[in-house]
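Student: mind folding the following:
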Amino acid sequence: MAASSEILENTFYMELGKDSVNFEPVSKMTSVYFDDANLQVFTVRLGGATGVTVKGPTERGNMTFRMEDKGKIESIKFSPDLRVLALQRSQTTVEFINFIEGMDSMEYSQACKGKTTRILGFCWTGLNEILFVTDHGLELYQVIAEKRTLKLIRTHSAAINWFVYLPGSAVVLLSTGTLGNVLLPFFIKSGNLVKAPKFEVDIPLIPKPAKLCLLERDVSLAVIYGQLHVIVLRQQQRVSSQSSQQSRVSGHSTAEVCLYQLHRESPARKTDVLRLELSGRFAVNIVDNLLIVHHQASKTSMLFDIKLATDSDGYVNYHYPVCVPMSIKPFLLSRGSASSLVLNEPAEIFCDLYSSNWVVFQPNVIIDAKLGCLWFIELTLQPLINLMHNKLQLIHFLLQRRDSKMTILSVCRLVLTPTQAAVSNSATMATDSQQVMQGPVPCLEAQKLTSEITSPTSVLSSLALGTQQCTLRDIANIFDKLNYVYKSYLDSKNTPQAPDLNNYVVVDQSDLYTHVLSLFVDDEEITHNYKFVVSVVMEYIRSLNQHHIQVQHYLYELIINTLVRNGCFYQLHQMMQYHVLSDSKPLACLLLSLESVYPPAHQLALDMLKRVTTANEEIIEVLLSTNQLLPALRFVRSVGQVDQLSARKFLEAAMNTKDDMLFYTVFKFFEQRNLRLRGKPDFPKGEHCESFARHFESVFGADALGQPPSA
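Tutor: Next up, the predicted model:
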């Protein structure tokens with residue numbers, strides 16, 4: 001039971017970040033506001049008369065000040081540089097306070113244009129630019145803090161229902177029309193309002209009489225994989241078999257999330273639909289280009305990746321959760337940040353997840369004003385290894401996540417680890433083309449979904465499925481996926497037109513060798529199945545060659561060492577003879593070291609060094625080390641390096657053999673070279689060969705010096 005609890009503890013792939021922001025909870029005396037641009041929480045007590053506290057994730061924006069209570073505050077936000085505070089207390093005016101050198105005692109204000117116009121909200125679009133969104137249009141102002149005044153820069157007239165704003169991209173989306181489903185995007189840049197083409201969001205069921213259907217709470221803006229998207233949550237009416245309007249209304253209602261890709265020059269187009277197959281209250285966060293859809297009723301969250309393979313009708317891609325929906329990891333809340341706790345209660349309590357008090361902001365912010373907590377939701381990748389059964393899809397998923405390299409390497413280790421069935425039937429496994437991996441999580445009914453998520457047995461079963469070993473074909477596909485990104489990364493260094501891989505994690509040869517293949521080869525449970533080991537490494541080498549990536553010598557060494565360890569010298573000889581393993585100096589040196597266990601390896605190494613063409617020095621050293629002096633001299637003559645040869649090295653080797661005739665032959669070889677180069681057989685003093693000349697004279701006599709070699 002304890003083991004099961006520990007496993008379940010490690011299955012949560014979402015959690016509330018530890019770097020939370022604690023603030024004074026909302027109460028009758030205290031109001032709480034959030035600025036999603038600066039990520040600041042404002043707690044205002046009694047309209048500011050008894051204090052305003054500003055807190056954020058960093059110390060930079062934290063401050064406390066007081067201001068005069070002039071009525072209820074609708075919105076309050078600092079400029080990006082925290083030099084000017086803007087606050088709205090009425091529907092027609094926004095007030096400003098300078099914080100250039102401390103808090104300015106004098107306030108100034110700006111009213112919107114038009115007697116019947118009311119301000120829906122405002123947002124800072126630059127250090128000294130602020131946008132008023134009214135029910136009659138847009139008003140862009142320049143804030144001149146030193147003069148405590150504002151200057152109108154641009155306006156645009158339109159009947160607006162509501163708006164959403166994305167701070168990082170300076171994009172505002174306006175809702176127009178009776179139904180509210182005609183959306184009008186504006187890009188704000190350098191004091192200009194750049195209007196993009198309007199577009200219409202589908203409404204599942206239009207009421208009669210017509211009224212506002214698309215609400216602000218169901219629409220958000222986000223950047224996903226570098227592209228601007230409009231995220232629309234809509235309740236989709238499931239129609240029963242009868243076609244009457246009455247049955248349409250009474251049909252079971254489910255929800256879906258629609259993504260519209262936003263463009264500057266053309267109308268936004270619906271590109272993706274997330275199938276939720278549930279109804280109720282939802283909220284959406286964006287974490288690392290993933291969409292997390294929270295469902296309050298089941299207290300679970302679903303994970304979507306629009307880059308994964310999916311169903312499509314040719315126009316729209318339809319997505320299901322990438323794995324089983326799960327709850328956010330239980331979060332312990334300290335007593336100091338919860339106002340409801342009293343002294344005799346525990347120091348920590350579990351936070352009420354998916355509370356009705358939660359408010360979600362883009363991209364990854366969750367606020368519980370009653371508890372006085374702001375969290376940043378985070379993704380934990382390791383649990384997904386066992387929850388996503390399709391390992392090739394998992395690799396594609398992980399390649400686009402931040403800091404995922406070690407998780408990718410963990411997946412590679414996992415897919416190479418054989419189960420008992422695989423070990424006993426390795427030949428079948430190596431040739432089996434059937435996919436062991438499962439497909440995407442299918443759509444599930446709400447009741448079934450809830451029961452599966454809350455059942456420990458189902459989670460443990462899912463983990464068991466996720467630990468199955470992949471077939472050799474699937475492993476090859478995984479290697480191809482890794483090396484495609486690896487090759488594109490290498491090309492991008494030299495080719496500006498190469499694919500943009502800023503979102504991808506690169507796993508190179510050294511990573512896979514150090515963290516996967518070397519451990520895999522040394523695994524005692526796998527070493528007896530050496531054929532599979534060799535097949536895996538050969539597949540990786542095949543993939544590297546296919547993507548035109550130069551294979552590093554240490555990968556070949558893995559194969560050679562595995563074959564030698566298992567006495568497969570014939571297979572090794574065949575691989576070398578047919579150039580399955582590419583030639584290199586380190587590989588030749590490894591072959592030389594195998595001469596004691598496999599003598600033909602010596603000649604294989606020499607042949608390889610000869611093919612390398614830049615290893616002449618190494619070949620000479622190898623021949624000298626085995627006292628093959630005459631073959632060494634013949635090789636030097638064949639490559640035309642006689643004139644650069646060190647006579648002392650050869651004469652010393654010849655004398656050490658204690659073979660007088662061999663010494664005589666080598667000595668005469670160099671005498672002939674001296675005669676050809678300098679016109680006399682004597683060795684120059686710089687070569688330090690006097691001792692060898694004396695030895696020659698003592699053995700063969702002084703008359704033999706300088707004479708042509710005898711036939």
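
Student: apart from its chain neighbours, what residue comes closest to the residue nearest to the spatial centre of the chain?
Tutor: Centroid check for the chain by CA atoms, centre = their mean gives Arg401 as the closest residue, at 2.3 Å. Spatial nearest neighbour of Arg401, excluding adjacent residues (CB to CB, 6 or more residues apart in numbering): Asp288 at 5.4 Å. Yep, even glycine has a C-beta here, placed from its N, CA and C like the rest.

Student: ditto for Ile559
Tutor: Val537 (5.3 Å).

Student: try Tyr13
Tutor: Pro383 (4.5 Å).

Student: wait, that neighbour sits on Met14?
Tutor: No: the criterion here is CB atoms under 8 Å, and Pro383 misses it with Met14 at 9.3 Å.

Student: which residues touch Val171?
Tutor: Residues in contact with Val171 (CB atoms under 8 Å, 6 or more residues apart in numbering) are 165, 185-188, 221, 228, 262.

Student: what's the closest of these to Asn483?
Tutor: Nearest to Asn483 out of those is Leu228 (CB to CB; 31.7 Å).

Student: pretty sure the closest one sits in a strand.
Tutor: Yes: secondary structure assignment places Leu228 in a strand (DSSP: H, G, I helix; E, B strand; the rest coil).

Student: now it. Nearest residue, chain neighbours left out?
Tutor: Leaving aside its sequence neighbours, Leu228 sits nearest to Leu262 (CB to CB, 6+ apart; 4.0 Å).

Student: show me what contacts the one you found?
Tutor: 171, 185, 196, 221, 227-230, 268.

Student: and it, how far is that from Val230?
Tutor: Leu262 sits 6 Å away from Val230, taking CB to CB, to the nearest Å as the criterion.

Student: got any residues that touch both of those two?
Tutor: With CB under 8 Å, 6+ apart, Leu262 and Val230 have common neighbours 185, 221, 268.

Student: which of these are buried?
Tutor: For the shared contacts of Leu262 and Val230, a neighbour count by 16 or more other CB atoms under 10 Å gives the buried set as 185, 221, 268.

Student: poorly predicted segments of the stretch 351-500 of the chain, please.
Tutor: Residues of the stretch 351-500 of the chain that meet the criterion pLDDT under 70 lie in 418-469, 495-500.

Student: how would you label Trp375: helix, strand or coil?
Tutor: Relying on three-state DSSP, one would call Trp375 strand.

Student: in the lengthiest helix in the chain, what counts as buried?
Tutor: Longest helix in the chain by number of residues (criterion: DSSP state H): helix 472-494. Neighbour counts over helix 472-494 (16+ other CB under 10 Å) mark 472-490, 492 as buried.

Student: same check on stretch 397-415?
Tutor: Buried-residue list, stretch 397-415, by 16+ other CB under 10 Å: 397-401, 404-405, 407-415.

Student: quick check: the two most widely separated of those?
Tutor: Pairwise over the buried residues of stretch 397-415, using CB to CB, the maximum falls at Gln400 and Arg413, 20.4 Å.

Student: any idea of the pLDDT on the residue nearest to Arg401?
Tutor: Asp288 carries a pLDDT value of 92.

Student: what about it, distance to Glu129?
Tutor: 30 Å.

Student: so these two - more neighbours on which side?
Tutor: Glu129 (22 against 17; other CB atoms under 10 Å).

Student: gap between the more buried one and Ser79?
Tutor: For Glu129, the distance to Ser79 - CB to CB - is 9 Å.

Student: mind listing the shared neighbours of these two?
Tutor: Between them, Glu129 and Ser79 share the contacting residues Val143, judged by CB under 8 Å, 6+ apart.

Student: circling back to that earlier point, any chance of a markdown table for the shared contacts of Leu262 and Val230, columns pLDDT, secondary structure and distance to His573?
Tutor: A markdown table is the format used below for the shared contacts of Leu262 and Val230 (pLDDT from 0 to 100; DSSP: H, G, I helix; E, B strand; the rest coil; distance: CB to CB, whole Å):
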| residue | pLDDT | secondary structure | distance to His573 |
| --- | --- | --- | --- |
| Pro185 | 94 | strand | 68 |
| Leu221 | 94 | strand | 65 |
| Ala268 | 91 | coil | 64 |
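
Student: which of the residues you listed lies closest to Ala145?
Tutor: Using CB to CB, those come closest to Ala145 at Leu221, 28.3 Å.

Student: for that closest one, what are its contacts?
Tutor: 164-166, 169, 171, 173, 228-231, 262, 362.

Student: among those, which ones are in strands?
Tutor: Counting by DSSP state E, the part of these found in strands is 164-166, 171, 173, 228-231.

Student: now those in CSV, with pLDDT?
Tutor: Output for those, formatted as CSV (pLDDT from 0 to 100):
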residue, pLDDT
Val164, 95
Tyr165, 95
Leu166, 93
Val171, 94
Leu173, 95
Leu228, 94
His229, 95
Val230, 95
Ile231, 95
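
Student: out of those, which one sits closest to Gly48?
Tutor: Taking CB to CB as the measure, Gly48 lies nearest Tyr165 of these, at 24.3 Å.

Student: restrict the helix or strand hosting His294 to CA atoms and write it as CSV.
Tutor: Using DSSP states H and E, His294 falls within strand 290-295. Below are the C-alpha coordinates for strand 290-295, written out as CSV (Å, rounded to 0.1, in the frame of the first residue of the first chain):
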residue,chain,number,x,y,z
LEU,A,290,0.9,23.4,-23.8
LEU,A,291,-2.8,24.1,-23.1
ILE,A,292,-4.0,23.0,-19.7
VAL,A,293,-7.7,22.8,-19.4
HIS,A,294,-9.0,22.7,-15.8
HIS,A,295,-12.3,21.1,-15.0
